[in-house]
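>>> please work out how this folds:
(2 chains)
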There are 2 protein chains.
Amino acid sequence: MGIVIPLEENRPPQASIKPLMELVNQDMKLVNQLILSKTGSNVEMIPQIAKHLIDSGGKRLRPMLTLAAAQMCAYEGTHHITLAASVEFMHTATLLHDDVVDESDMRRGKKSARMLWGNQASVLVGDFLLGQAFRMMVDAGSMDALDVLSNAATVIAEGEVMQLAVAQNMETNEDDYLTIIRSKTAALFSAAAEVGPIIAGAEKPVRDAFRSYGTNLGVAFQLVDDALDYGGSKALLGKNTGDDFREGKITLPVLLCYRRGNEDDRAFWKEAMENGSSDDEALLQANALMEKYGAIKDTVARARHYGQIARDALAPLPDSPQKDALLDVVKFCISRVN
Amino acid sequence: MGIVIPLEENRPPQASIKPLMELVNQDMKLVNQLILSKTGSNVEMIPQIAKHLIDSGGKRLRPMLTLAAAQMCAYEGTHHITLAASVEFMHTATLLHDDVVDESDMRRGKKSARMLWGNQASVLVGDFLLGQAFRMMVDAGSMDALDVLSNAATVIAEGEVMQLAVAQNMETNEDDYLTIIRSKTAALFSAAAEVGPIIAGAEKPVRDAFRSYGTNLGVAFQLVDDALDYGGSKALLGKNTGDDFREGKITLPVLLCYRRGNEDDRAFWKEAMENGSSDDEALLQANALMEKYGAIKDTVARARHYGQIARDALAPLPDSPQKDALLDVVKFCISRVN
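This is a model prediction of the structure:
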């Protein structure tokens, strides 16, 4: 019998999202008010579904990026509020449509909107929220911001179609996968960060810095999500794990595992992903293979790589509490997986 | 035996859409080129689906409204092309999402995109086209046009959700139904017509005239569509009739028939619409009731009423070939049903 040493206590304090939340707290209250007012409709189902999603406990990371970026550029107007709400609506619309496309039953531990109100309402309320997002962008009055966000809307949809096209194809490679997540996830992070300096009238290098920060943070965020779906670095099975596997969604951990595996392992993945043999027993085996080939560990390593690029992107900008908070957010996103 | 008198030959020549098509022919070629170029994507499925829809033989009435309205306002730039393409993309995105929502197997006599590529691709390619529509609006550079079109996007989705909410509810009244079709159909006709004068920098009364024209033409157009789905004024069963009935979609002919019917008739409609007893035999009975209560005839009469408002809306504007063509389009839309 040995002595259990609580290693965790020796760790440095983990990075937190709290400094960011505190810095944008006042602005975020206004964003939340605006979001509530813009879900209003005489058509009862619309505020119901919107409220369900808005209350379902997302961290609202994307609109916080817009707010912090605008603050860092010393913006003094109110349009960053409008754009932040618009970014969150675009995100929410995407979630609604994603659930229909993925046939998801759950979303963040709650029944998904499509399970409660049906696919039809999810498609249409998504369209409504997207329309409202564009109306808010118009209210903000910046053609450049409209350009960046409408471009993101297209790229996101393109990424989702790409993912659909490679679904169940185990020959997808890491580059293909990166193109997908750059589009479907990172494009909105990127736009959310870039419209901050845009609305503040910042110079191009500042816009570029925020865009790069957002893109790379988005890629890191998605890779960490992929790892978490297999229980994170410890490959533990939690209540919210295994969704990607059961849906046959090919993510980086799966791609790494498949490429590094022997013939039997590859046959297992083909059977699970391409033919849908993905029950709980198969999930256990999947996790064992992830452990064996270091697929989760290396997915997180890849995420750290993009996280570092995100942090370095902000380096040329002057120091400020907002900058520190945004740097912390990168660490926080990655620390979720430890 | 009597002599068959070909009554049709004694009719006045029917109004035609041809004068409009000829006037905007040059512009429309540019719109079609732009549409093709904007469906381009490295993601193969996107141009495939877009091409399927674009080739499927719609008349492109909505973008023609934008072009003719811009011409009437002596617009000399090229942004009316961009806006017209944008309007057609919004329409196409709506069709894709509608087919998913209505679970339609056919669209204009061809297999619907969702039957060929699946619901998932239809949702996502719809999102892509909507994103491209907004990018084109940004290219056109008019905040006012963006305002009108983004507002239309929201209103259309709201109308569709409303229709979903009243689906299978025979207590829906004519006012409710008008609110729905003003939103889901007329809002895009209205925006399509209004962005013409907007891009040309026309005065508010001119914008208002085109908006009213578009709205009322849109309502008339939808009511005629509703009548056509029951075989038009002659209540003949054609190859493209009965879709609304089979889908349990409550339209004005149904509402009129239900309200005017006796207890047995109302029981029939409830059974057909609310409980889905809408086979071919039921469709024959539905058509007999339509005939008995003059429901198709009176739906067309309602359409004529809105058509007349549309025509009068243009009255204050100076005479021009474009104006004549737009007036003819109203008659043409209604004559489809004769």
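
>>> count of residues packed around the spatially closest residue to A:K51 that is not a sequence neighbour?
In this structure, A:K51 finds its nearest non-sequential neighbour in A:T39, 6.7 Å apart by C-beta to C-beta, 6 or more residues apart in numbering or on different chains. Backbone N, C-alpha and C define where each C-beta goes, glycine included. For A:T39, the count of nearby residues is 21 (other C-beta atoms under 10 Å in any protein chain shown).

>>> likewise for A:A15?
A:A15: 16 surrounding residues under other C-beta under 10 Å.

>>> just to check, it is in contact with A:S335?
Yes: applying C-beta atoms under 8 Å, one finds A:A15 in contact with A:S335, separated by 5.6 Å.

>>> give the other helices and strands that the strand or helix carrying A:F128 contacts.
Assessed by DSSP states H and E, A:F128 sits inside helix A:119-140. Helix A:119-140 makes packing contacts with helix A:25-38, helix A:45-54, helix A:79-102, helix A:113-117, helix A:143-166, helix B:79-102, helix B:119-140, helix B:143-166 when contacts are defined by 3 or more C-beta pairs under 8 Å, 6 or more residues apart in numbering or on different chains; DSSP states H and E.

>>> check contacts around A:H79.
Listed by C-beta atoms under 8 Å, 6 or more residues apart in numbering or on different chains, the contact set of A:H79 reads A:139-142, A:199.

>>> one more time with 6 Å, if that's ok
For A:H79, the contact set (C-beta atoms under 6 Å, 6 or more residues apart in numbering or on different chains) comprises A:140, A:199.

>>> show residues contacting the helix holding A:F128.
With C-beta under 6 Å, 6+ apart as the test, helix A:119-140 has contacts from A:38, A:45-46, A:49, A:79, A:82-83, A:85-86, A:89-90, A:92-93, A:96-97, A:100, A:113-114, A:146, A:149, B:97, B:100-101, B:123, B:134, B:146-147, B:150, B:153-154, B:157-158, B:160-161, B:164.

>>> can you read off the pLDDT for the residue lying closest to A:P47 once chain neighbours are set aside?
Nearest residue to A:P47, sequence neighbours excluded (C-beta to C-beta, 6+ apart): A:T39, at 5.0 Å. A:T39 carries a pLDDT value of 92.

>>> swap in A:F332?
For A:F332, the pLDDT comes out at 95.

>>> circling back to that earlier point, chain center to the helix holding A:F128, what's the gap?
Distance of helix A:119-140 from its chain centroid, counting by C-alpha atoms, centre = their mean, to the nearest Å, is 19 Å.

>>> which residues touch the closest residue to chain B within the stretch 201-338 of chain A?
Distances between the stretch 201-338 of chain A and chain B by C-beta to the nearest C-beta are smallest at A:E247, namely 11.8 Å. Each residue near A:E247 by C-beta under 6 Å, 6+ apart is listed here: A:D102.

>>> and it, its phi and psi?
Phi and psi for A:E247, reported as degrees, to the nearest 10, are phi -80, psi 0.

>>> please apply the same query to A:S16.
Phi and psi for A:S16, reported as degrees, to the nearest 10, are phi -130, psi 160.

>>> can you tell me, leaving aside adjacent residues, what's nearest to it?
A:F332 (5.8 Å).

>>> list the contacts for the one you found?
Applying C-beta under 6 Å, 6+ apart to A:F332 gives the contacts A:15-17.

>>> now do A:T215
By C-beta under 6 Å, 6+ apart, the contact list for A:T215 reads A:186, A:190.

>>> residue ranges in the stretch 1-150 of chain A under the pLDDT threshold?
A:1-13, A:57 (pLDDT under 70).

>>> need the residues of it near chain B, please.
A:41, A:43, A:45-46, A:97, A:100-101, A:120, A:123-124, A:127-128, A:131-132, A:134-135, A:138, A:146-147, A:150 (C-beta under 6 Å from any C-beta of the partner chain).

>>> about what we covered before: can you tell me which of the contacts of A:F332 is closest to chain B?
Ranked by distance to chain B (C-beta to the nearest C-beta), the contacts of A:F332 are led by A:I17 at 28.9 Å.

>>> the residue nearest to A:S16: which element?
Element membership for A:F332 (DSSP H and E) is helix A:321-335.

>>> hey, C-alpha coordinates of that helix in PDB?
Output in PDB follows, covering the C-alpha atoms of helix A:321-335 (Å, rounded to 0.1, in the frame of the first residue of the first chain):
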ATOM      1  CA  PRO A 321      -6.600  43.800 -18.500                       C
ATOM      2  CA  GLN A 322      -8.700  42.800 -21.600                       C
ATOM      3  CA  LYS A 323      -5.600  41.400 -23.300                       C
ATOM      4  CA  ASP A 324      -4.700  39.400 -20.300                       C
ATOM      5  CA  ALA A 325      -8.200  38.100 -20.000                       C
ATOM      6  CA  LEU A 326      -8.300  37.000 -23.700                       C
ATOM      7  CA  LEU A 327      -4.900  35.200 -23.300                       C
ATOM      8  CA  ASP A 328      -6.300  33.500 -20.200                       C
ATOM      9  CA  VAL A 329      -9.400  32.400 -22.200                       C
ATOM     10  CA  VAL A 330      -7.100  30.400 -24.500                       C
ATOM     11  CA  LYS A 331      -5.600  28.600 -21.500                       C
ATOM     12  CA  PHE A 332      -9.000  28.100 -20.000                       C
ATOM     13  CA  CYS A 333     -10.400  26.500 -23.200                       C
ATOM     14  CA  ILE A 334      -7.600  24.000 -23.200                       C
ATOM     15  CA  SER A 335      -7.600  23.400 -19.500                       C
END
